[in-house]
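Peer 1: got a sequence here, can you build the structure:
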Amino acid sequence: MTKVVCIVGLGTVGKELLVLCHKKGYTVRGYDIDEKQVMLINSQLNSYIAFTDLEKAINGAEIIVICVSSSNMGIPDISPVISACKEVSKYLKGGELIIIESTVPPSSIKSNILPIFKKSLAGEQKKIYLACCPERLDVGNKKWTIENIPRVLGGIDEDSVHKAKEFYKCLIDAEIYCVSSPEAAMMTKIIENCFRYLNISFVNMLAKCLPSFEFDTEEILKAASTKPFGFMMFYPGLGVGGECIPLSIHILMDMLKDSKCDVSLLINAKKINEGMIYYVKDVLVNLSKKININTVTVIGLSYKGGCNITKNSMAFRLISLLKGLGDRFEIYRYDHRQPNISDFADINDVLRYSDCLIIANNDPVWSKVFSSYNLKHSNVKCIIDCYGVIDEKDLMSKLQILYWRLGKSKMKMGGDYNYEYA
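Peer 2: Got it, this is the predicted structure:
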């Protein structure tokens, strides 16, 4: 492998790609403005391949992949991508393949990004190759990884597509599906994410409505998932966090706002998902009318279980909302993956000082941590489980703890007590 690759942006996506290129034998260098991240990567790989100096990172690179963040708390912000492209353009010699993996509005490729690279080589008889291969990374998923997830690819011309396809063929063991343009590739990414966003809003709506008819949403969804066609399983929760999915719904809404298209479906989906934290807040307030609740700990600060990424996590929005209630509750936070931002040193302190626990992500470890055995000698009076991760049967059969699960038909308390849905 003789080609030199430069990865610009070493966040979650860029770091994974850097490691993969290194593994596959490429001479690869990475660039990021975050010195701590650069030092961490070099330490983990035991190799000096990440830099805060772009000139060093890009020197001799034939393939440059842009993996810079393009959102600010889920809201589109392509200025970091544009800035990265401008910096990269200063070092182009001609003939480089540039790949955009960052999620950007499709129209920005030809209106904002391509002109930057063309301008850098203006007047010279040299060419650059540009392709878009939007990242597809499911953090924490051990089955579908960066190496086996199919990719969608589009380029500004056939040569760009060919070069980019050859690059990814050397990296992944999966289909590389080529579309007609870089815009089509980017639009594919946006539609994938919006599909997920809309379906999550649907099951979130069900989770709020079905209990009124004495149905357990989880039971109904699991039963529906036995159908081998025409149904796909989605799970209710605290909303939709992270960067990609909220970003995509905003991009699509921005694209359609000046058109004659009916976007009420998108507006209502956004209203449902962003309203889940208010729904959980109301549950807590109602519970506090039944039992005395002073201290509340929000459990799980990452935007999804099994990872340590807190960016745009719904847990923090919930915490801010609850703190807005004034001195009604003392609000704390805890995540075993985030010791630096947790209010408690360990789970024992959580159990000792918390009246109520709110499970704010789907980390499977919570079912073990909050077992009846561990809760037996705690001061916990109630649990609000937004993801159904607690072993309800174990809890209900052994303890006098009030338990509420999102989408459950009744509010339950262990032993002979049975509260109606909050």
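Peer 1: pull the contacting residues for Asn199.
Peer 2: Contact partners of Asn199, counting by C-beta atoms under 8 Å, 6 or more residues apart in numbering, are Met232, Phe234. Every residue, glycine included, has its C-beta placed from N, CA and C.
Peer 1: let's see that with 6 Å instead.
Peer 2: Going by C-beta atoms under 6 Å, 6 or more residues apart in numbering, Asn199 touches Phe234.
Peer 1: where does it land in three-state SS?
Peer 2: helix (DSSP: H, G, I helix; E, B strand; the rest coil).
Peer 1: any idea how far it is from Met233?
Peer 2: 9 Å (C-beta to C-beta, to the nearest Å).
Peer 1: which helix or which strand is home to Val28?
Peer 2: Element membership for Val28 (DSSP states H and E) is strand 27-31.
Peer 1: which other residues reach the helix or strand following that strand?
Peer 2: Counting by DSSP H and E, the next helix or strand C-terminal to strand 27-31 is helix 35-45. Outside helix 35-45, the residues that touch it by C-beta under 6 Å, 6+ apart are Leu10, Asp32, Tyr48, Ala50, Thr52.
Peer 1: returning to what we had before: name the helices or strands packed onto the strand holding Val28?
Peer 2: strand 4-8, helix 12-23, helix 54-58 (3 or more C-beta pairs under 6 Å, 6 or more residues apart in numbering; DSSP states H and E).
Peer 1: and the first one, what's its mean pLDDT?
Peer 2: It stands for strand 4-8. Here strand 4-8 scores 97 as its mean pLDDT.
Peer 1: that strand pairs with which strands?
Peer 2: Sheet pairing of strand 4-8 (DSSP bridges) gives strand 27-31 (parallel), strand 63-66 (parallel).
Peer 1: now those as JSON lines including mean pLDDT?
Peer 2: Output for those, formatted as JSON lines (pLDDT from 0 to 100):
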{"stretch": "strand 27-31", "mean pLDDT": "96"}
{"stretch": "strand 63-66", "mean pLDDT": "98"}
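Peer 1: among those strands, which comes closest to Asp394?
Peer 2: Comparison of the strands paired with strand 4-8 against Asp394 by C-beta to C-beta identifies strand 27-31 as nearest, at 45.6 Å.
Peer 1: between helix 12-23 and the closest one, find me the angle.
Peer 2: 160 degrees (axes from the mean of the first three to the mean of the last three C-alpha atoms, to 10 degrees).
Peer 1: per-residue pLDDT, the residue lying closest to Ala269 once chain neighbours are set aside?
Peer 2: Nearest non-adjacent residue to Ala269, counting by C-beta to C-beta, 6 or more residues apart in numbering: Ser201, 3.7 Å away. Ser201 is assigned 98 on the pLDDT scale.
Peer 1: so which residues make contact with the strand holding Val28?
Peer 2: Strand 27-31 has contacts (C-beta under 6 Å, 6+ apart) with 4-8, 10, 18, 21-22, 49-51, 54, 57.
Peer 1: got the angle for it vs helix 35-45?
Peer 2: Interaxial angle, strand 27-31 versus helix 35-45 (the same axes, to 10 degrees): 150 degrees.
Peer 1: and strand 27-31, how far out from the chain middle?
Peer 2: Centroid separation between strand 27-31 and its chain, computed with C-alpha atoms, centre = their mean, to the nearest Å, is 25 Å.
Peer 1: equivalent analysis for stretch 217-224, please.
Peer 2: What separates the centre of stretch 217-224 from the centre of its chain is 24 Å, taken as C-alpha atoms, centre = their mean.
Peer 1: pull that stretch out as PDB, backbone CA atoms only.
Peer 2: Output of stretch 217-224 as PDB, limited to C-alpha atoms (Å, rounded to 0.1, in the frame of the first residue of the first chain):
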ATOM      1  CA  THR A 217     -46.200  -0.500  24.200                       C
ATOM      2  CA  GLU A 218     -43.200  -2.800  24.400                       C
ATOM      3  CA  GLU A 219     -45.300  -5.900  24.300                       C
ATOM      4  CA  ILE A 220     -47.200  -4.600  21.200                       C
ATOM      5  CA  LEU A 221     -44.100  -3.600  19.400                       C
ATOM      6  CA  LYS A 222     -42.400  -6.900  20.100                       C
ATOM      7  CA  ALA A 223     -45.400  -8.800  18.800                       C
ATOM      8  CA  ALA A 224     -45.500  -6.700  15.700                       C
END
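Peer 1: tell me which residues of it are tucked away?
Peer 2: For stretch 217-224, the neighbour count (16 or more other C-beta atoms under 10 Å) marks Thr217, Glu218, Leu221 as buried.
Peer 1: could you do stretch 175-192 as well?
Peer 2: Neighbour-count burial for stretch 175-192 flags 176, 178-179, 181-183, 185-190, 192 (criterion: 16+ other C-beta under 10 Å).
Peer 1: what's the spatially most central residue of the chain in contact with, if anything?
Peer 2: By C-alpha atoms, centre = their mean, the mean C-alpha position of the chain lies nearest to Gly242, the distance being 3.1 Å. Counting by C-beta under 6 Å, 6+ apart, Gly242 touches Tyr303, Asn312.
Peer 1: of the contacts of helix 35-45, grab the buried ones for ChimeraX.
Peer 2: To isolate the buried ones among these in ChimeraX, judged by 16+ other C-beta under 10 Å, type:
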select :10,32,50
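Peer 1: just the contacts of helix 35-45: which has the poorest pLDDT?
Peer 2: Among the contacts of helix 35-45, Tyr48 has the weakest pLDDT, 87.
Peer 1: now that residue. Nearest residue, chain neighbours left out?
Peer 2: Spatial nearest neighbour of Tyr48, chain neighbours left out: Asn42 (5.5 Å); criterion: C-beta to C-beta, 6+ apart.
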